[in-house]
Structure formats: structure tokens, C-alpha cells
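Asker: what follows is a predicted protein model with its sequence.
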Amino acid sequence: MTSGETTAVGHPTVVVHHRLHAEFAVQVPWLRRALGARAGLELDADGLRVRFGPWRVTTPLSNVAGASVTGPYRAARVLGVRLSLADHGLTFGTTTEGGVCLRFREPVRGLDPWGLVRHPGLTVTVCEPDLVAEAVNRIVAAA
């Protein structure tokens, strides 16, 4: 059914499709070239897909627990790909200004190609982190 159709008992059916795309906020031009044109975050009914150069994180929408705004950060702790030794969280960082921490119900693959290290969270330094975190939380709540 699509939006505007009615059910057998005459009630209108509304189907809502969510899709979020966010670009990384990049402070230095060479990093944009290194990441390539397809770097960014996508969230829809099929799940979460984040690409950062050769690294990718994918997970079903049902595995996304929520998001929060974090930062600002120190450059040594955010720029590039980082693994937290404290909690195994992963960071795809491009700016010190701030980002979004995505939390997962079950840890996800991301840093190594074999999936030996799993990550309970992923921090991404996307443009408009406040709006992205709010949108992620709304999509997760609606799912």
C-alpha cells in the first residue's frame, strides 16, 4: 500500500519512508580527496551505511540504539580512523568541532576486514551533528 490508500475497513493507511544522508564535515581539503566522493552516512529502512575512505560500517536499522552529539575534540583523538582502547568504539573523524556518536544494540564490524574487533559505537564527524542526531533518533523511534 502507498500513502493515501485505504484498508479493508475504510481507514486511511499512511506509509512513512525515512532516509537520511549526511556528509562528513571536512576542515582540510586533502582529506576530502582522500575520502573520495562516496564518503558519508546513510540511514533508511534498509539500515545504516557509513563509508569513510576504504572503511565501511553497515548494520540493520534494528541494531541502531540511538545517537547523541559529542565534542568538541582534540585533533589527536579524532582526525582519521580511531579505535578507543577503553570501549572499542570506532571514530571516523574529519573535524575537531563535534560529531555524532551512534550506539548499537550489538557491536558491529568496522576497523578490520575480518570482523575480529567489534564496535559498540561509532562516532562520525558529519555536517550539522545536532540535526543528524535528532534525525537518527526519530528514525530509530519510528522503526
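Answerer: Perfect, I can see it now. Numbers count the residues shown, from 1 in each chain.

Asker: C-alpha only now, for contacts and for neighbours.
Answerer: Will do.

Asker: for the top helix by length along the chain, what is the distance to the chain centroid?
Answerer: For the chain, the longest helix by residue count, based on DSSP state H, is helix 129-142. Computed by CA atoms, centre = their mean, to the nearest Å, the chain-centroid distance of helix 129-142 equals 10 Å.

Asker: list the buried ones in it?
Answerer: Neighbour counts over helix 129-142 (16 or more other CA atoms under 10 Å) mark P129, D130, V132, A133, E134, A135, V136, N137, I139, V140 as buried.

Asker: can you dump the C-alpha coordinates of that helix into CSV?
Answerer: Extracted C-alpha coordinates of helix 129-142, given in CSV (Å, rounded to 0.1, in the frame of the first residue of the first chain):
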residue,chain,number,x,y,z
PRO,A,129,25.6,17.0,14.0
ASP,A,130,22.6,18.3,16.1
LEU,A,131,20.3,17.7,13.2
VAL,A,132,21.8,14.3,12.3
ALA,A,133,21.5,13.0,15.9
GLU,A,134,17.9,14.2,16.1
ALA,A,135,17.0,12.6,12.8
VAL,A,136,18.7,9.3,13.7
ASN,A,137,16.8,9.2,17.0
ARG,A,138,13.5,9.9,15.3
ILE,A,139,14.0,7.2,12.6
VAL,A,140,15.0,4.7,15.3
ALA,A,141,12.0,5.5,17.4
ALA,A,142,9.7,5.2,14.4
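
Asker: appreciated, that's everything.
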